[in-house]
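> give me coordinates for this.
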Amino acid sequence: MPLIGYARVSTEDETPLPQSLALKSAGCAEIHEEQASGGNRARPFPARVLERIGKGDTLVVVRIDRLARSLSHLLEMIERLEAKGAFFRSLQDPIDTASPQGKFTL
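Predicted coordinates:
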């Protein structure tokens, strides 16, 4: 059950390094970094990451706003993960869809 990290910053002035270090500390085997606006649902990078994730894998972010900027977008992404038998975890939010409590919190 690999942990796959996703770090996103919005501007060129920001660095994904703090997020990547937190993801590495959480045990992520691979970490994908992106510089893009979170408001753009058509970002190609998370779509490619979601295509690669397999059954039992967990997509990990530091905060939910790094993956999605709206509740509907977040739920869409999580549904795509669940359809593949994968999970979602946010390090700073009490969300881990691999556990019943985490799903309830979501």
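> C-alpha from now on. contacts and neighbour counts both.
OK.
> looks to me like Leu59 is in a strand.
Yes: the assignment for Leu59 is a strand, going by DSSP: H, G, I helix; E, B strand; the rest coil.
> what part of the chain, helix or strand, is modelled with the least confidence?
Least confident element among the helices and strands of the chain, by mean pLDDT, DSSP states H and E: helix 44-52 (a mean of 76).
> list the buried residues of the longest helix anywhere in the chain.
Longest helix of the chain, by residue count under DSSP state H: helix 71-83. Across helix 71-83, burial judged by 16 or more other C-alpha atoms under 10 Å covers 74, 77-78, 80-82.
> using CSV, list the CA coordinates for stretch 83-100.
In CSV, the C-alpha atoms belonging to stretch 83-100 read as follows (Å, rounded to 0.1, in the frame of the first residue of the first chain):
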residue,chain,number,x,y,z
ALA,A,83,-13.5,3.9,-7.8
LYS,A,84,-9.9,2.6,-8.2
GLY,A,85,-9.9,1.1,-4.7
ALA,A,86,-7.5,3.8,-3.5
PHE,A,87,-7.6,6.1,-0.5
PHE,A,88,-7.0,9.8,0.4
ARG,A,89,-5.3,11.2,3.4
SER,A,90,-4.7,14.8,4.5
LEU,A,91,-1.9,15.3,7.1
GLN,A,92,-3.3,18.5,8.7
ASP,A,93,-7.0,17.7,8.4
PRO,A,94,-8.7,14.7,10.1
ILE,A,95,-9.4,12.9,6.8
ASP,A,96,-8.1,9.5,6.0
THR,A,97,-10.6,7.5,3.8
ALA,A,98,-8.9,4.3,4.7
SER,A,99,-10.5,4.4,8.1
PRO,A,100,-14.2,4.5,9.0
